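**Student:** Structure for the following, please:
(one chain, ligands or ions: 1)
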Amino acid sequence: MRDYAKLQKDINKTLGIDLTAYKEQQMRRRINQWLDRHKLSSYEDLIRTITSDREHREKFVEYLTINTSSFFRDARVFDVIEDVVLPAVSKRGRPRIWSAGASIGAEIYSIAILMKEARFTPGMLLATDIDEAVLEKAKAGVYLPSQINGIDPQYLEKYFTQTEKGNWAIAQSLKDMVVFRQHDLLKDPYERNFDLILCRNVFIYFTTDTQRRLITNFVQSLNPAGYFVVGSAEQIMDPTSFGLQRVSYCIYQKPA
Ligand SMILES: C[S@@+](CC[C@H](N)C(=O)[O-])C[C@H]1O[C@@H](n2cnc3c(N)ncnc32)[C@H](O)[C@@H]1O
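**Tutor:** Residues are numbered from 1 along each chain as shown. A predicted model of the protein is given here:
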């Protein structure tokens, strides 16, 4: 019998990841798949391996936290961000924007491209993630062809160069616009005064109680009239109970 409660404690101790906040069934299934794939016989075996083998540990964190992302993911949402949200927040001054659970940085760089194109100047573009290894990838800014699928060819030509291996490296001018920081949404304090927060395809993995706690934190971090953007599977059924108004598909706003 695999003791999941003990594993939760051991993972928190060795990796600092609080599994109790994540949906149990889904996490158990993923971890069991990892054990099968790596021929590990037990949770104890897993903990031993991640303690002694750094590469295995990094790969496991990457697997556990699910880093899938891409540029301009969900065009329907990015159209509204481009046409409504960025003009609105930029009219009020230099907007502070936070991509929480930023993964490889594709989301925040998509915002940076739109800001540059519209000649808007950000006060801050912050990208945070729990996974330090994925943040290193975001800082390096080199992407596989599959990750740049959503990019308009004009932007690709303007802001990327192709590497010898056929990958795509993002322009230094975009990298310079973004601050990357390690941050655990479950444990670390939330910075305040943002005009736009994107947290997409992140809290889908958390329990309902945790999701509600996180949304409350995000709303506190928003300036009046600030926008909050979630993933398509994370739409908020009762936005008013968090003090939010629905603006459009996946996009909410705090009253002015
Ligand atoms: C599926 S990616 C989403 C990336 C991007 N937001 C998007 O929609 O394309 C989920 C990200 O959430 C991060 N994550 C998971 N748990 C987290 C936590 N407790 N705190 C901060 N980030 C977390 C993962 O490391 C991963 O990079």
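
**Student:** okay, M1: pLDDT?
**Tutor:** M1 carries a pLDDT value of 63.

**Student:** which bits of the protein sit near the ligand?
**Tutor:** By CB under 6 Å from any ligand atom, the part of the chain that sits against the ligand consists of 65-69, 73, 101, 103, 107, 129-131, 134, 184-186, 200-202, 231. Glycine gets a C-beta too; all of them are placed from N, C-alpha and C.

**Student:** and P224, that's in a helix?
**Tutor:** No. Going by DSSP: H, G, I helix; E, B strand; the rest coil, the assignment for P224 is strand, not a helix.

**Student:** what about it, neighbour count?
**Tutor:** 10 (other CB atoms under 10 Å).

**Student:** quick one: the helices in the protein?
**Tutor:** 4-15, 24-37, 43-52, 54-65, 75-80, 86-91, 106-117, 132-140, 153-159, 172-175, 208-221 (DSSP state H).

**Student:** Just name the most buried of these.
**Tutor:** Highest mean neighbour count among the helices of the chain (mean count of other CB atoms under 10 Å): helix 106-117, with a mean of 23.

**Student:** quick one on the thing from earlier: can I get the helices of the chain in a markdown table including mean pLDDT?
**Tutor:** Below are those laid out as a markdown table (pLDDT from 0 to 100):
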| stretch | mean pLDDT |
| --- | --- |
| helix 4-15 | 94 |
| helix 24-37 | 94 |
| helix 43-52 | 96 |
| helix 54-65 | 90 |
| helix 75-80 | 96 |
| helix 86-91 | 98 |
| helix 106-117 | 97 |
| helix 132-140 | 96 |
| helix 153-159 | 96 |
| helix 172-175 | 98 |
| helix 208-221 | 97 |
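
**Student:** can you redo these as JSON lines with distance to N193?
**Tutor:** Formatted as JSON lines, the helices of the chain follow (distance: least, CB to CB, whole Å):
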{"stretch": "helix 4-15", "distance to N193": "31"}
{"stretch": "helix 24-37", "distance to N193": "33"}
{"stretch": "helix 43-52", "distance to N193": "37"}
{"stretch": "helix 54-65", "distance to N193": "27"}
{"stretch": "helix 75-80", "distance to N193": "23"}
{"stretch": "helix 86-91", "distance to N193": "12"}
{"stretch": "helix 106-117", "distance to N193": "17"}
{"stretch": "helix 132-140", "distance to N193": "22"}
{"stretch": "helix 153-159", "distance to N193": "28"}
{"stretch": "helix 172-175", "distance to N193": "23"}
{"stretch": "helix 208-221", "distance to N193": "7"}
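
**Student:** Kind regards, and thank you for your time.
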